[in-house]
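Colleague: No letters, just coordinates:
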């Protein structure tokens, strides 16, 4: 599950949203009949026209200066596996409707993440969403750079996703809400005045919501926390995560979600020995697989050599960049 927040696909969110609305109408322009057009939606209606989106967002800017962001774009992109799961449950058209329902749930989480009084769910926000069926190759894609595909070509496979334009101001045009404010509550006075927004927590909530909504069994390496830890984590965290992946793969059945969540929390909180104790407990409950794995693999109190080598390469590259 990929959930991202940007300023705009068109590169500007300090003026009218008209250019962005027009850009997101690109698939409709390719359809022969107006009756085939994909309508915009939010928690109140599934039959919203583009001009209603533009007028709604552009008129909701009380007390914003010309240099303030007026709106943000939220991209909800399920993976191929997640989309296949939806289609298997609901069919092609049913999957689209369920994805709309999921988008409303994501906007509930978006509202809650600000931790602002009276901003409790999607109804307290001004937002408009649209389902898109396709994605297109861009100049950054490897296939375009290698000449295999042309820029603008439709990507293969299921690519259904949701694009959401959400106003900087709440639905009553009173409260400023910016996901760019990433204080996470560290500055109490600042957060009380302007709110706070934890992007990682928001994206994690979207992933969890999908699993709950659709009974989706997410593998460890499919989790956002896995990708984040392997990219930004410490050597200790990567060591623990590698052990957890191999331990999980040694089981015929996936580890219970509660157990997996507890172990991931131990890793993310950097509770090193709590992690190993927890994993040992689960190992005893699942046939003692951990002991044989650790004895034949490495000492759990030491770092894994390949991870240490990787970290050292990253440090050298960083030092080299500073010395230029």
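Modeller: That came through, no problem. Owing to the predicted nature of the structure, the values given are computational and were not obtained by experimental measurement.
Colleague: Check which residues of stretch 90-105 are buried.
Modeller: Neighbour counts over stretch 90-105 (16 or more other Cβ atoms under 10 Å) mark 95-96, 98-100, 102-105 as buried. For the C-beta atoms, the positions are set from N, CA and C on the backbone; glycine is no exception.
Colleague: do stretch 234-244 as well
Modeller: Under the neighbour-count criterion of 16+ other Cβ under 10 Å, stretch 234-244 has 237-244 buried.
Colleague: Pick the one among the buried residues of stretch 90-105 closest to residue 36.
Modeller: Among those, residue 96 lies closest to residue 36 (Cβ to Cβ), at 13.4 Å.
Colleague: Check which helix or strand the closest one maps to.
Modeller: helix 80-113 (DSSP states H and E).
Colleague: from the chain's centre, how far out does the very next helix or strand once past that helix sit?
Modeller: As assigned by DSSP H and E, the chain's next helix or strand after helix 80-113 is strand 125-132. Centroid displacement of strand 125-132 relative to its chain, using Cα atoms, centre = their mean, to the nearest Å, is 16 Å.
Colleague: Same check on stretch 174-183?
Modeller: Here stretch 174-183 is found 18 Å from its chain centre; the criterion is Cα atoms, centre = their mean.
Colleague: what is the rounded mean pLDDT of it?
Modeller: Regarding stretch 174-183, the rounded mean pLDDT is 86.
Colleague: Also stretch 218-233?
Modeller: For stretch 218-233, mean pLDDT is 86.
Colleague: what does that stretch rub up against?
Modeller: 1, 79, 81, 200, 203-204, 207, 211, 237-238, 241, 244-245, 248, 254, 260, 264, 267-268 (Cβ atoms under 8 Å, 6 or more residues apart in numbering).
Colleague: Now with 7 Å, please.
Modeller: Residues outside stretch 218-233 that contact it (Cβ atoms under 7 Å, 6 or more residues apart in numbering) are 203-204, 207, 211, 237-238, 241, 244-245, 248, 260, 264, 267-268.
Colleague: now stretch 149-161
Modeller: 75-78, 80, 83-84, 96, 99, 131-139, 141, 143-144.
Colleague: try it again with 10 Å
Modeller: 2, 75-84, 86-87, 92, 95-96, 99, 103, 130-144 (Cβ atoms under 10 Å, 6 or more residues apart in numbering).
Colleague: before we move on, back to that, out of the buried residues of stretch 90-105, which one sits closest to residue 66?
Modeller: residue 103 (30.5 Å).
Colleague: Please look at that closest one and residue 131 and confirm they touch.
Modeller: Yes. Applying Cβ atoms under 10 Å, one finds residue 103 in contact with residue 131, separated by 8.3 Å.
Colleague: between the two, what contacts are shared?
Modeller: 41, 76, 161-163.
Colleague: Output the residues you listed in JSON lines; the columns should cover distance to residue 119, neighbour count and secondary structure.
Modeller: Formatted as JSON lines, the shared contacts of residue 103 and residue 131 follow (distance: Cβ to Cβ, whole Å; neighbours: other Cβ atoms under 10 Å; DSSP: H, G, I helix; E, B strand; the rest coil):
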{"residue": "41", "distance to residue 119": "21", "neighbour count": "20", "secondary structure": "strand"}
{"residue": "76", "distance to residue 119": "20", "neighbour count": "21", "secondary structure": "strand"}
{"residue": "161", "distance to residue 119": "25", "neighbour count": "19", "secondary structure": "strand"}
{"residue": "162", "distance to residue 119": "21", "neighbour count": "21", "secondary structure": "strand"}
{"residue": "163", "distance to residue 119": "22", "neighbour count": "20", "secondary structure": "strand"}
